[in-house]
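> Show me the folded form of this:
(chains A and B)
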Amino acid sequence: MKPLDSKKDYQDYVNKKSPNSPILKNCFNAFWVGGLICSIGQIIMEVCKSRGLTQEISGTIVSIILIAISAFLTGLNIFNKIGKFAGAGSLVPITGFANSIVSPAMEYKSEGYVMGVGGKMFTVAGPVLVFGISTSIIVGLVYLIFNTQAITLI
Amino acid sequence: MDWLQNISWMALLKCFIAGGLICVIGQILIDKTKLTPARILVVFVTTGAILGGLGIYKYLVDFAGAGATVPLTGFGYNLAKGAIQAVQEHGIIGAFTGGVTASAGGIAAAVFFGYIASLISKPKMKKE
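Coordinates of the predicted model:
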């Protein structure tokens, strides 16, 4: 290695050695993996609809299939590898919800099948359900109040 | 393979782009803020429910299909949509029953398959 003479040489050397901020690469990977997972969902949805199922039922079937696949992939330690590569690409779709149930449950398996697996399943999914369901109740109540007010005003 | 003809490639492209962009928002939140993944899941579900309640998220679902419903914001949207529909039908009790009813399939599947998958999983082997 040639000696570093000036300050500029040193700065170039540091820049070369320090890792680039990987945010662009992360975003790109998240984009295409996330898009791919959604596209798989879209294809399942189209197949369900072409068999005459309603929009709601098709959507539920899509969720169930994606959740089942990602739960078992997490159990087989495959999902974690996808997650490391894709980041939010596999976390933000509904697959991340299933992963968030299975991975803590696996870790606490030694604490038993009731309180270990059954209890720790909800370490992450619990807050998600608490805030999701609470928000939906508030949305329903706001809608109820807003509508009643609108009717009485008329 | 007759379903292959039914697929609208334009819809699939919109779905891919919208779904991908929602994930990019999540990735930026992970990289730029100190939010843990668990909090990001909570933020996405809550945001989806609020946007669903305001009637904004519906346009995204109409545009992108599964690109908007598969991400967790779609789960929140589904909760809010169910609550509003049930309020229209049953009044105040609908605010409590509607959300979970609409997303019962996903929640039940997550609990059931999650438990089964945890049971059959092998503990992680630490090689290092």
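> how about the strands of chain A, start to end?
Shown for chain A, no strands are assigned by DSSP state E.
> which other helices and strands contact the longest helix along it?
What stands out as the longest helix in chain A, according to DSSP state H, is helix A:122-153. Secondary-structure packing of helix A:122-153 (3 or more CB pairs under 8 Å, 6 or more residues apart in numbering or on different chains; DSSP states H and E): helix A:94-107, helix B:37-54, helix B:72-90, helix B:92-102, helix B:104-120. (Each C-beta comes from the backbone N, C-alpha and C, glycine too.)
> So what angle separates the directions of the last one and helix A:122-153?
Think helix B:104-120. Here helix B:104-120 points in a direction 170 degrees away from that of helix A:122-153 (axes from the mean of the first three to the mean of the last three CA atoms, to 10 degrees).
> Kindly report the same for the first one.
Angle, helix A:94-107 to helix A:122-153, by the same axes, to 10 degrees: 140 degrees.
> what do you get for the third one?
Orientation note: helix B:72-90 sits at an angle of 40 degrees relative to helix A:122-153 (the same axes, to 10 degrees).
> quick one: residue B:82 from residue B:96, how far?
11 Å (CB to CB, to the nearest Å).
> before we move on, the earlier item: if you count neighbours, what's buried in the longest helix of chain A?
Using 16 or more other CB atoms under 10 Å in any protein chain shown as the test for burial, helix A:122-153 gives A:122-129, A:131-133, A:135-144.
> swap in stretch B:27-42?
For stretch B:27-42, using 16+ other CB under 10 Å, the buried residues are B:27, B:29, B:30, B:31, B:37, B:38, B:39, B:40, B:41, B:42.
> same check, this time on stretch B:44-55
B:44, B:45, B:46, B:47, B:48, B:49, B:50, B:51, B:52, B:53.
> measure the third one to residue A:33 for me?
This means residue B:46. Residue B:46 sits 23 Å away from residue A:33, going by CB to CB.
> returning to that earlier point: and of the helices and strands packed on helix A:122-153, who's closest to residue A:52?
With CB to CB as the criterion, residue A:52 lies closest to helix B:104-120 of those, at 18.1 Å.
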